[in-house]
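In: okay, structure incoming, though there's no sequence with it:
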C-alpha cells in the first residue's frame, strides 16, 4: 500500500466523518425543546393585538421552518452546496457574513497563541524534564496555570492590568472611535487591544504544554534506548536529542487538536475581553436557539477540526516512522 | 527554523490586519458624536426585520407619527395630521416639503406604497382595509370596508415606516426579507430621516451621520449630534466602566446609578432619586382563573388585599409602588381622564389589608379547620404554585416576598422554577400554573391594548396575548369590542371606566410592583436627556423602539459645551499609554528568568 492509497483511504474516512458531523449539527439544535421563532416574537413586547400570528407565519416561511423536517434537511444540503449557510434568526443577517467577519479575529488571536505557547511550552517543559532545580519551582507554577479556571485568570488580567494599572485596553478588538483600516493608528490600537487576550491564552496554554512535555521527557529519559545510549557513553546532548524527538510526537497531536478547535476555542476569552470572534456568536446563537447560526458556526468548527487532523495525518506520515512503516509494509 | 516561524507568524498577523482594512479611518469628534450601545452587535439595517441598529426606525426611516411611549401620545411626524373623516375613512395629510435623502419628494404615493409593501412582505395585515386612495400629492385616505379597530390602526401609524417607492418597487420583496442593507446594499437604504446610515462595522458598531438636508429641520430642531455611534457592549460591567470614563453617552444596562453617580456626577437617569430608572409598567401577579378556588373573584381579591407592594419595593427589585389598575405610570394621562383614583376608592381594594383579606376568606367558608395554619378548600389545604423562570431573580425575589405575605393569610405558596421558554412560557400558555408574574400584558402603548391583552377571551385561540390566566368575562369582551370601534374620546372614556371597574371588582390579576426599564446617560458631552420632568423622548435605547420615542430622545439632546475646534477623538478615548508594554514585558521576564539558571541534568 503506497502513500497514495493511504491518502485516498484517509480522504474517504474524512469525507464520511464530515457528512455525519454536519448532519448531526443540523439535527441537534432541532432536537432542542422549544420554538425559536415563538421565543423571538414573545421577546419583542411591542405587538398590537393579532400581530403575533402574522409574525410567526412570516418568520416560519422566511426560515422554511413550516416545511416537514425531511424537506428542511434536503434544503439545508442543497443550500450548503450553493455556499448559503442561511440567515441568522438572532442577528438578522446572512450567517456567512457574520462568520466571515468574526473568523479573522479568532485566527489572529488563537493561531499565534497556540503556536507560540506550543513552542515556548515545549521548550520550558523540556528544560524542566532535565533540570531538577528548575523543575522544582517551575512545575508548580505550570500546574497552577494549567489547572486554574481560565475565566477567573482572564478576569484577573482585566482587573489588574487593564482596569487598575491601566497598562493595556481590556475590551474590544480596537478603540471604539476607530474604523478598521490599514492606518498606523488602527494597527497600534488593534495590537494594544490584542495583547491582553493573547497573553491570557498564551500563559495558560504554556502551562499545559510544558507539563505534557516535561512528563514525556522524563519518561523518555528513563526509556531503555536512552539507558543503552548512556551505557555506550553517548553525550548528554545526543540523548536529549533522541528523547526530545520521541517526546514531541504526542505534542504534535495535541497541537493539531488545538489548532482544529481554533475557530471556537476562545469562547471564554471572547466573552471576558469582548473580542468579536466566533465564540461570542456561538454562545449567543445557542442561547437564542438560532438554528442557522449554530449550524454555520459548528460547520466552521467541523471543517477546521477535520482539516487540522487531516493535515496532521499527512505530517505524521513524514515525521513518525511507525506510520510510514504501516503504509509501506502493511 | 524558529526565525522563519516567527517571520511566518508576523506575516500572518499583518495579513489578517490587512483583511480588516475595508474602510478608511475617520475621526469622529467627541463633541459631535453620541455614543450609545447595545448588548447585541449591529449587523443588519433591514428596516422591516426591525434591524438591530438603534434608529433605523425613526432616525433613518420615518413613520407618519412618532409615539411617545412614556406619555402614550402620538406626535405628528411625516403627517401634518391624521383623522377619521368618517367611521371607516382615515385621512392623512403629509407635511409640506417632505423629501427623501436622495432629494426626491416624499409624496402620498410613497405612503400608499409603504402600507401595501408591508402587506406584500407578510409582515402586517390591515384588517378591513379595502383601499388606499391617493387624493393629492400630500393627502392619502385609508378606506375600510368594515368597522376598523381604531387602536390597532393607531399602532400602525407609528410602526409602519414610510419607504421610498422609487427604490423599493425595483426590489424583489422575497430578497428584501433577508437583506441587511449594509455593504453594497447600503445604496438602497434611502430614508427620509434626520440621519443616514454611514457605516456598519460587522459585529462591532454602526455609525449614523446627520442628514444635512433633512426636511424636518424647519418643523423640528435640527439634531445637534453629527454622528450617532452604536457600540456593541455585551456586559453590564463593561458598560459601567465606559460610562465612568465618559466613553458612552446613553444606553440601557442594569447599572447601579447611585454608585455610578458617586464616581461620576455626570451620570443621570429618569429620576434623580431612587429608583432612578424610569418606572414604566406594572408587573402583575396572574391568577389561573380557571382553577378553583381562584375562579372566585372574592378569593382573588383577598389575595390582592394581603399583598403589600411597599414591602416588595423596599426589599425587592428596583421599582415603584403601583396602583390597583394595570395602567402604569405611562398611562397617567388616560388615568386622569378615566378618573382612576375615584374608581379605585369606589371599587378597589386596599393593599396590605390582611384583616380584610381574612374576613373575605372566612365569609367564603375557606377556613383553617385542622389548625395547621393553612386554610382548606374542599377539604384540601390550599397550596398555590408560583411559576417563574430560574434566571428571573427579580421575580423570584418578589415571589418569595408574596409567599411570605400570604402565609399569615393561611395560604401556602410554592415557588417552581425552570427555563424561560420550555418551562415558564410553556406553563403560562398551557394554563399549568396557579400564580405567575409578568409584564407582557401591561407593556403596551394604549389602555385598550392593556385591557385587551389581559382581559379579552373568546376561546382558547382567540384571546388577549397576555391573558395567561384565561380570565373570561362577556361584558369585558363586549366593552373591548365597542372600545375598538370608536374614535370618539368621550365614548372611549366611558368604556375604559367600566373596564377599569370590572378589573377592580373581578381582579383578573394584581399589580405588585412597577417594572422599570434600565436607562442611564452621561451629561459630560450631551445634555438635555429626557427625564421625568421633561419626558419629550423615551429612555429606551434598544433597537426596534425608534418610533416608540427613542428617535425623539436622540433628536432632543444638546451638546453640553459649545463645540470646540476639532480634537482627534482617539486621544480622548484610548487607554494605551507609554507604559503599555511594561506590564506584559514584566510578565514575560518573570517566565524567562528561571531559564537563566544554568542547565544541568
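Out: Everything's here; your move. From a predicted model like this one, the values you see are computed outputs, not experimental measurements.

In: the host helix or strand of residue B:37 packs against which elements?
Out: Counting by DSSP states H and E, the element that carries residue B:37 is strand B:33-38. If contacts are counted by 3 or more CB pairs under 8 Å, 6 or more residues apart in numbering or on different chains; DSSP states H and E, strand B:33-38 sits against strand B:227-232, strand B:250-251. Heads up, the C-betas are built off the backbone N, CA and C, glycines and all.

In: can you put those strands in a markdown table and add distance to residue B:414, mean neighbour count and mean pLDDT?
Out: What follows is those, written out as a markdown table (distance: least, CB to CB, whole Å; neighbours: other CB atoms under 10 Å in any protein chain shown; pLDDT from 0 to 100):
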| stretch | distance to residue B:414 | mean neighbour count | mean pLDDT |
| --- | --- | --- | --- |
| strand B:227-232 | 41 | 24 | 92 |
| strand B:250-251 | 38 | 26 | 94 |
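
In: so which of those comes closest to chain A?
Out: strand B:227-232 (5.2 Å; CB to the nearest CB).

In: ok, residues contacting the closest one?
Out: A:176, A:274, A:276, B:28, B:32-42, B:53-55, B:59, B:195, B:198, B:203-210, B:248, B:554 (CB atoms under 8 Å, 6 or more residues apart in numbering or on different chains).

In: and that strand, which strands flank it?
Out: Sheet pairing of strand B:227-232 (DSSP bridges) gives strand B:33-38 (parallel), strand B:205-210 (antiparallel).

In: distance of whichever residue of the stretch 401-550 of chain B sits closest to chain A from residue B:391?
Out: Going by CB to the nearest CB, chain A is nearest to residue B:421 of the stretch 401-550 of chain B, at 4.1 Å. According to CB to CB, to the nearest Å, residue B:421 stands 11 Å off from residue B:391.

In: looking at the two, which is more packed in?
Out: residue B:421 (20 against 12; other CB atoms under 10 Å in any protein chain shown).

In: give me the pLDDT for the nearest residue to the more buried one once chain neighbours are set aside.
Out: In space, residue B:421 comes closest to residue A:34 once its chain neighbours are excluded; the distance is 4.1 Å by CB to CB, 6 or more residues apart in numbering or on different chains. pLDDT, residue A:34: 73.

In: mind checking the SS state of residue A:34?
Out: coil (DSSP: H, G, I helix; E, B strand; the rest coil).

In: run a quick neighbour tally on it.
Out: 15.

In: show me what the helix ranked longest in chain A is packed against.
Out: Longest helix of chain A, by residue count under DSSP state H: helix A:184-221. Packing contacts for helix A:184-221, counted by 3+ CB pairs under 8 Å, 6+ apart, involve helix A:95-130, helix A:132-147, helix A:150-156, helix A:236-260, helix A:267-273, helix B:2-20, helix B:582-592.

In: what's the first helix or strand after it?
Out: helix A:224-231.

In: now do that next one: which elements does it pack against?
Out: Applying 3+ CB pairs under 8 Å, 6+ apart, one finds that helix A:224-231 makes contact with helix A:236-260.

In: show me what the helix it packs on is packed against.
Out: Helix A:236-260 packs on helix A:95-130, helix A:184-221, helix A:224-231, helix A:291-319, going by 3+ CB pairs under 8 Å, 6+ apart.

In: for it, give the mean pLDDT please.
Out: 85.

In: least confident of the helices and strands packed on helix A:184-221, on average?
Out: helix B:582-592 (a mean of 49).

In: of the helices and strands packed on helix A:236-260, which is nearest residue B:137?
Out: Evaluated over the helices and strands packed on helix A:236-260, closeness to residue B:137 peaks at helix A:95-130, with 39.3 Å, by CB to CB.

In: roughly how far is the closest one from the heart of the chain?
Out: Mean-position distance between helix A:95-130 and its chain equals 9 Å (CA atoms, centre = their mean, to the nearest Å).

In: so how far is residue A:42 from the residue of the stretch 401-550 of chain B closest to chain A?
Out: 8 Å.

In: over to residue B:177?
Out: 21 Å.

In: over to residue A:197?
Out: Separation of residue A:197 from residue A:42 (CB to CB) stands at 35 Å.

In: neighbour count for those two, which is higher?
Out: residue A:197 (28 against 18).

In: residues contacting residue A:246?
Out: With CB under 8 Å, 6+ apart, residue A:246 has these contacts: A:216, A:220, A:223.

In: so the first one makes contact with residue A:245?
Out: No - Residue A:216 sits out of contact with residue A:245 when judged by CB atoms under 8 Å, with a separation of 10.9 Å.

In: okay, the two: which has more neighbours?
Out: Taking neighbours as other CB under 10 Å, residue A:216 and residue A:245 compare with residue A:216 leading, 22 against 11.

In: pLDDT wise, what is that one at?
Out: Reported pLDDT for residue A:216: 88.

In: is it correct that residue B:284 is in contact with residue B:511?
Out: Yes - the pair residue B:284 and residue B:511 passes the contact test of CB under 8 Å, sitting 5.2 Å apart.

In: overlap of the contact sets of these two?
Out: In contact with both residue B:284 and residue B:511: B:326, B:442, using CB under 8 Å, 6+ apart.

In: please, where are all the helices along the stretch 1-150 of chain B?
Out: B:2-20, B:108-121, B:150-159 (DSSP state H, counting those that start in this stretch).

In: now the residue of the stretch 51-200 of chain B found nearest chain A: closest residue in space that isn't a chain neighbour?
Out: As assessed by CB to the nearest CB, chain A sits closest to residue B:155 within the stretch 51-200 of chain B, at 4.1 Å. Once flanking residues are discounted, residue B:155 sits nearest to residue A:48: 4.1 Å by CB to CB, 6+ apart.

In: residue contacts, the one you found?
Out: Shown in contact with residue A:48 (CB under 8 Å, 6+ apart): B:151, B:152, B:155, B:156, B:159, B:449.

In: how about these in CSV, adding pLDDT, distance to residue A:62 and neighbour count?
Out: Below are the contacts of residue A:48 laid out as CSV (pLDDT from 0 to 100; distance: CB to CB, whole Å; neighbours: other CB atoms under 10 Å in any protein chain shown):
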residue, pLDDT, distance to residue A:62, neighbour count
B:151, 92, 28, 23
B:152, 91, 23, 20
B:155, 91, 22, 22
B:156, 92, 21, 20
B:159, 91, 19, 22
B:449, 92, 26, 25
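
In: ok and the strand or helix carrying residue A:53 relative to helix A:291-319, angle-wise?
Out: Per DSSP H and E, residue A:53 falls inside helix A:51-63. Counting by axes from the mean of the first three to the mean of the last three CA atoms, to 10 degrees, helix A:51-63 lies at 30 degrees to helix A:291-319.

In: my read: residue A:56 touches residue A:41, true?
Out: Yes - at 6.0 Å, residue A:56 and residue A:41 qualify as touching, with contact defined as CB under 8 Å.

In: quick one: the residue of the stretch 51-200 of chain B closest to chain A and residue B:445 touch, right?
Out: Yes - with contact defined as CB under 8 Å, residue B:155 reaches residue B:445; the gap is 6.7 Å.

In: point me to the residue of the stretch 201-330 of chain A nearest chain B.
Out: Closest point on the stretch 201-330 of chain A to chain B, by CB to the nearest CB, is residue A:276, at 4.4 Å.
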